[in-house]
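Just to be clear, the model below is a prediction. Sequence and coordinates:
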Amino acid sequence: MKGIVEGFEDNYCIIEVEGNSKNVPLNEVNSSVKTCDVVEWNGHEWVTNPEETQIRIKEIKSLMKDVWED
């Protein structure tokens with residue numbers, strides 16, 4: 001299962017999974033996870049997928065560049 005980290009609130013990490021936001025207890029999230037990371041459930045906790053996170057960052061930067069060029 002994969003998701004995108006939307007942010008952190010109180011003792012929860014908000015992760016968008018299949019279009020729905022889930023409040024995940026912090027003890028189920030690896031301490032290195034940051035907002036905007038693409039994360040995966042490894043059976044024990046949510047961990048960052050570095051490759052997919054970098055792809056997502058590049059896509060967002062490209063979209064932002066297109067917006068500012070218009």
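Happy to help now that I have it.

Helices of the protein, residue ranges please.
Along the chain, the segments classed as helices by DSSP state H run 50-69.

what packs against the helix or strand of the chain with the lowest mean pLDDT?
Within the chain, no helix or strand scores below helix 50-69, which has a mean of 89 by mean pLDDT, DSSP states H and E. With contacts taken as 3 or more Cβ pairs under 8 Å, 6 or more residues apart in numbering; DSSP states H and E, helix 50-69 sits against strand 38-41. Using the backbone N, CA and C atoms, a C-beta is placed for each residue, glycine as well.

which residues are contacting the strand it packs on?
1-5, 15, 29, 33, 46-49, 52-53, 55-56 (Cβ atoms under 8 Å, 6 or more residues apart in numbering).

Kindly recompute the last result at 10 Å.
1-5, 13, 15-17, 24, 28-30, 33, 45-57 (Cβ atoms under 10 Å, 6 or more residues apart in numbering).

next one: stretch 1-16
Contact partners of stretch 1-16, identified using Cβ under 10 Å, 6+ apart, comprise 17-18, 20-30, 33-43, 46, 48-49, 52-53, 56.
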